[in-house]
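> The following block contains a protein sequence and its predicted model.
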Amino acid sequence: MVMIYLQGMNAPEAAAVLGMTSVTVRSTARHSLRRLREILGPDRTMEGQR
């Protein structure tokens, strides 16, 4: 998530660094973001900001 959302990398760039496929990076980022939203609750999400 840090590489994509904070460092501005796209999935293929992050995948190359991590040694994963870009599909795995996108899936992991999506699941991680969903979990973070659950933890923070609706008032603390960054919906629409990326």
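Thanks, I have it. Numbers count the residues shown, from 1 in each chain.

> what's near enough to touch Ala11?
Ala11 makes contact with 4, 22-23, 25-26, 29, according to CB atoms under 8 Å, 6 or more residues apart in numbering. Every residue, glycine included, has its C-beta placed from N, CA and C.

> quick one: low-confidence parts of the chain?
44-50 (pLDDT under 70).

> Buried ones in the helix or strand hosting Ile39, by neighbour count?
Assessed by DSSP states H and E, Ile39 sits inside helix 22-40. By neighbour count with 16 or more other CB atoms under 10 Å, helix 22-40 contains the buried residues 25-26, 28-29, 33.

> Could you single out the nearest of those residues to Ala16?
The nearest member of these to Ala16, counting by CB to CB, is Val25 at 9.5 Å.

> what residue of this structure is the furthest out?
Distance from the centre of the chain peaks at Asp43, with 19.3 Å (CA atoms, centre = their mean).

> Which members of the buried residues of helix 22-40 are the farthest-apart pair?
Checking the buried residues of helix 22-40 with CB to CB, the most distant pair is Val25 and Leu33, at 12.3 Å.

> Phi and psi next, for Gly41.
When read as degrees, to the nearest 10, the backbone of Gly41 gives phi 90, psi 170.
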